[in-house]
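Asker: The sequence and its predicted three-dimensional model are supplied below.
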Amino acid sequence: MNIRPLLNALTALVLLVGPFASHNLRAQSAQLQNAPGRRILNLNGSWNYIIDPYENGFYDYRREAFDQSKSGKGGYYDNQKPSSKQETELIEYDFDKSAALQVPGDWNSQDPKLLYYEGTIWYKKSFSLTPKPGKRYFLYFGAINYESHIYLNGKKLGMHKGGFTPIQYDITDRLSSTGDNFVIVKADNTRHADEVPTINTDWWNYGGITRDVFIAETPATYITDYKVQLAKNDPNTLAGYVQLSGEGKAGQTVTLNIAEAGIKKSLKTDAEGRATFAVPAKKLTRWSPQNPKLYAVSLTSGPDAVQDRIGFRTIQTKGTDILLNGKSTFLRGISIHDENPLIPGRARGEGDLRMLLTWAKELGCNYVRLAHYPHNEAMLKLADEMGLLVWAEVPVYWTIAWENPATYQNAETQLTDLISMGKNRASIVVWSVGNETPPSDPRLKFMTSLVKKARSLDDTRLISAALELHRDGSKITVDDPLGAELDLTSFNEYAGWYWGGKPSEITQYTFDIKYNKPVIISEFGGDALGGYHADADTRWSEEYQEALYQNQFKMLSGIAGLRGLTPWILTDFRATRRQHPVYQNGFNRKGLISNTGQKKKAFYTVQEYYRQMAQKYDGK
């Protein structure tokens, strides 16, 4: 019997009736905006782990979950120890004597036997923290792929789905009074057809705790959330809100201070702890790739204070034009995965991320597509700092279970979390709701609902998706009905690689684009093995990839509304689908930079094209 449809229905029911439907599963805390900017206890480093492909630490032999039993005990999360030196009790696991993995980091790249592993691994970390009176504590995970169950001192905090968005729990009342604590995580990267993303992707299914872990400390009444951005359609007004949580949140004074800009505003919270504002902002210097100006923004309320560095800019469309701060711009971009090609695996921290963005800047980019899922919060802050516009995306990728309510709710939750995390980042100008999803009525309903959700959460940025196209002879038609709901006409095309003949033959193609909107080519390119040289008609050679890009630029120049490109992709990356034993070896080789850091010939072709576009639009 396949019980998964029943589980999906139950999941959807829990999502509808609220997080307290299960007595053993507490709600994820309201997300602390800029949580890494708080006073924190860092839990990165060495975590003991147990590989558990049969999930013995989660289910009993009748396949009943231990944490759903009357006692709630019996799983590995108990971190059980023998009660005597004789060890007469039967305990079939021991975290403290188990091997260790580094966090943040995927498990696949840390142990050869885990390279292809998909399933459950348990993580355990001990830490010392004695709670102080008048303080609250939040356990934060930057990302765990894919489904995680999190326990503190043997008690379940909750379950989370989604491998790329932050997880937070208020653990104030779960900390040990002695200061001795341990956290245990069940991480499961098993793919399922009804999840987001689905079974079939073109990137490596890295498992584990892949981003930072820490505990953030706040006062009892604290600033949970805030938005400080220019108002929609009013670039001379700074607008937003500050949200307090905790007892006594109503009627509190909140102060917004941007000293450099001479802005200081005192606000009062309403009964729900929220204070809204709109203040003149004519003197604010606008953020742009040419001048990525960031202001020190301070928010205070009673004993709580939050500091952030925020840029202010406008983004809008007019016909086929994209206007940044009211000026026409061309988005000179590149697609990027959250992966370090030099040390295979998920990017482990700021050094890896800065390297990727530095390469993008060297390429001549003013724009990056962070595909195909939410990237690290640190990546967004670096983009702010370095002056790179951002397309931020959720992993609604290829063929999703369009008619499953739980699948939709999962996608919407991931989108909500992405927007919550990124709403104060000037660099983000596009929210993308998906990539290469095949048209159908259920898909259109699913995707349109995501678009409406994104607009309800943030009406100051552009909404897009990588649309589908179809070909008839030498004519490429873009009339995907989802395009009517979006601000940009974005699509992926692989002329010269998956179709269209040799690179020299693709200039015959013309485009028939239904929508009078700015056109962004969200993907194009082809594979080349770094260091392999041949003539321009030989697949896998650097010369083939170089010729492909040269002819792509000729072909795409025929699109009157072309306003941006994000070729696929900055660097070679691991992909299980890519099996050729000579040219691929488990890597997608479409990178302009190889997995050894070598710039391929096409890198310089793109660099020169972007130099020309910068001269045309920016005068430099």
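Answerer: All right, it came through fine.
Asker: shaky segments in this structure?
Answerer: Filtered on pLDDT under 70, the chain yields the residue ranges 1-30, 85-87.
Asker: longest strand of it?
Answerer: strand 234-245 (DSSP state E).
Asker: in it, what's buried?
Answerer: 235, 238, 239, 240, 242, 243, 244, 245 (16 or more other C-beta atoms under 10 Å). To be clear about C-beta, it is placed using only N, CA and C from the backbone, and glycine gets the same treatment.
Asker: can you put those residues in a markdown table and add distance to residue 134?
Answerer: Formatted as a markdown table, the entries for these read as follows, by distance: C-beta to C-beta, whole Å:
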| residue | distance to residue 134 |
| --- | --- |
| 235 | 41 |
| 238 | 32 |
| 239 | 32 |
| 240 | 28 |
| 242 | 21 |
| 243 | 20 |
| 244 | 15 |
| 245 | 15 |
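Asker: any idea where the helices of the protein begin and end?
Answerer: Secondary structure of the chain (DSSP state H): helices at 4-17, 350-363, 377-386, 405-422, 441-457, 542-556, 601-618.
Asker: could those go into TSV alongside distance to residue 112?
Answerer: Formatted as TSV, the helices of the chain follow (distance: least, C-beta to C-beta, whole Å):
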stretch	distance to residue 112
helix 4-17	32
helix 350-363	21
helix 377-386	28
helix 405-422	31
helix 441-457	39
helix 542-556	30
helix 601-618	31
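Asker: Show me the residue sitting in the middle of the chain in space.
Answerer: Centroid-nearest residue in the chain: residue 374, 0.9 Å away (criterion: C-alpha atoms, centre = their mean).
Asker: tell me the contacts of it?
Answerer: 143, 164, 165, 392, 393, 394, 414, 417, 418, 421 (C-beta atoms under 8 Å, 6 or more residues apart in numbering).
Asker: can you check residue 338 too?
Answerer: Contact partners of residue 338, counting by C-beta under 8 Å, 6+ apart, are 164, 346, 347, 370, 373, 375, 376, 379.
Asker: Which two among the residues you listed are spaced furthest apart?
Answerer: Using C-beta to C-beta, the two most remote members of the contacts of residue 338 are 346 and 370, lying 13.4 Å apart.
Asker: more neighbours, those two?
Answerer: residue 370 (28 against 25; other C-beta atoms under 10 Å).
Asker: hang on, isn't that one packed against residue 334?
Answerer: No - Residue 370 lies out of contact with residue 334 (C-beta atoms under 8 Å); the separation is 10.4 Å.
Asker: thinking again about what came up before, for the helices of the chain, give me JSON lines that also has mean neighbour count.
Answerer: Compiled in JSON lines, these are given as follows (neighbours: other C-beta atoms under 10 Å):
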{"stretch": "helix 4-17", "mean neighbour count": "14"}
{"stretch": "helix 350-363", "mean neighbour count": "17"}
{"stretch": "helix 377-386", "mean neighbour count": "21"}
{"stretch": "helix 405-422", "mean neighbour count": "22"}
{"stretch": "helix 441-457", "mean neighbour count": "17"}
{"stretch": "helix 542-556", "mean neighbour count": "22"}
{"stretch": "helix 601-618", "mean neighbour count": "17"}
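Asker: closest to residue 114 out of those helices?
Answerer: That would be, of these and by C-beta to C-beta, helix 350-363, which comes in at 19.8 Å.
Asker: Give me the residues contacting the closest one.
Answerer: So helix 350-363 is contacted by 334, 336, 340, 342-343, 347, 368, 376, 378-379, 382-383, 386, 388, 570-571, 592-593, 603, 606-607, 610 (C-beta under 8 Å, 6+ apart).
Asker: rewinding a little: and the longest strand of the chain, which strands flank it?
Answerer: strand 222-231 (antiparallel), strand 274-280 (antiparallel) (DSSP bridges).
Asker: ok, back up a step: closest to residue 614 among the buried residues of strand 234-245?
Answerer: residue 235 (24.0 Å).
Asker: chain center to stretch 192-199, what's the gap?
Answerer: 17 Å (C-alpha atoms, centre = their mean, to the nearest Å).
Asker: How about stretch 245-254?
Answerer: With C-alpha atoms, centre = their mean, you get 31 Å for stretch 245-254.
Asker: can you pull the buried residues of that stretch?
Answerer: 245, 246, 249, 252, 254.
Asker: Now render those residues as JSON lines, adding distance to residue 272.
Answerer: Shown next, in JSON lines, are the buried residues of stretch 245-254 (distance: C-beta to C-beta, whole Å):
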{"residue": "245", "distance to residue 272": "10"}
{"residue": "246", "distance to residue 272": "12"}
{"residue": "249", "distance to residue 272": "8"}
{"residue": "252", "distance to residue 272": "12"}
{"residue": "254", "distance to residue 272": "13"}
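Asker: Could you point out which of those is nearest to residue 459?
Answerer: For those, the nearest to residue 459 is residue 254 (23.2 Å; C-beta to C-beta).
Asker: Hmm, that closest one is touching residue 270, no?
Answerer: No - using C-beta under 8 Å, residue 254 is not in contact with residue 270; the gap is 11.1 Å.
Asker: Now do the strands in the stretch 1-150 of the chain.
Answerer: Shown for the stretch 1-150 of the chain, the strands assigned by DSSP state E, counting those that start in this stretch span residues 39-42, 45-51, 100-103, 120-128, 135-141, 144-145, 147-152.
Asker: Just name the most buried of those strands.
Answerer: Most buried of the strands of the stretch 1-150 of the chain, by mean neighbour count (mean count of other C-beta atoms under 10 Å): strand 144-145, with a mean of 26.
Asker: which residues are in contact with that one?
Answerer: By C-beta under 8 Å, 6+ apart, strand 144-145 touches 106, 160, 163-164, 167, 185, 187, 189, 205-210.
Asker: at 7 Å what do you get?
Answerer: Residues from elsewhere that reach strand 144-145 (C-beta atoms under 7 Å, 6 or more residues apart in numbering): 160, 163, 167, 185, 187, 189, 206, 207, 208, 209, 210.
Asker: Same check on stretch 458-468?
Answerer: Residues from elsewhere that reach stretch 458-468, judged by C-beta under 7 Å, 6+ apart: 229, 232, 315, 317, 419, 423, 428-436, 438-439, 447, 451, 454-455, 478, 480, 482-483, 486-492, 520, 522-523.
Asker: Need the distance between the two termini of it.
Answerer: Using C-alpha to C-alpha, to the nearest Å, the end-to-end distance of stretch 458-468 comes to 25 Å.
Asker: what comes up buried for it?
Answerer: For stretch 458-468, a neighbour-count test (16+ other C-beta under 10 Å) marks 458, 460, 461, 462, 463, 464, 465, 466, 467, 468 as buried.
Asker: Now distance to residue 310 too, for those, in CSV please.
Answerer: Listed next are the buried residues of stretch 458-468 as CSV, based on distance: C-beta to C-beta, whole Å:
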residue, distance to residue 310
458, 15
460, 13
461, 15
462, 19
463, 22
464, 23
465, 27
466, 29
467, 32
468, 36
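Asker: measure residue 596 to residue 419 for me?
Answerer: 36 Å (C-beta to C-beta, to the nearest Å).
Asker: go on, residue 53?
Answerer: Taken as C-beta to C-beta, the spacing of residue 53 relative to residue 419 amounts to 36 Å.
Asker: Could you do residue 561 as well?
Answerer: From residue 561 across to residue 419, the span is 27 Å (C-beta to C-beta).
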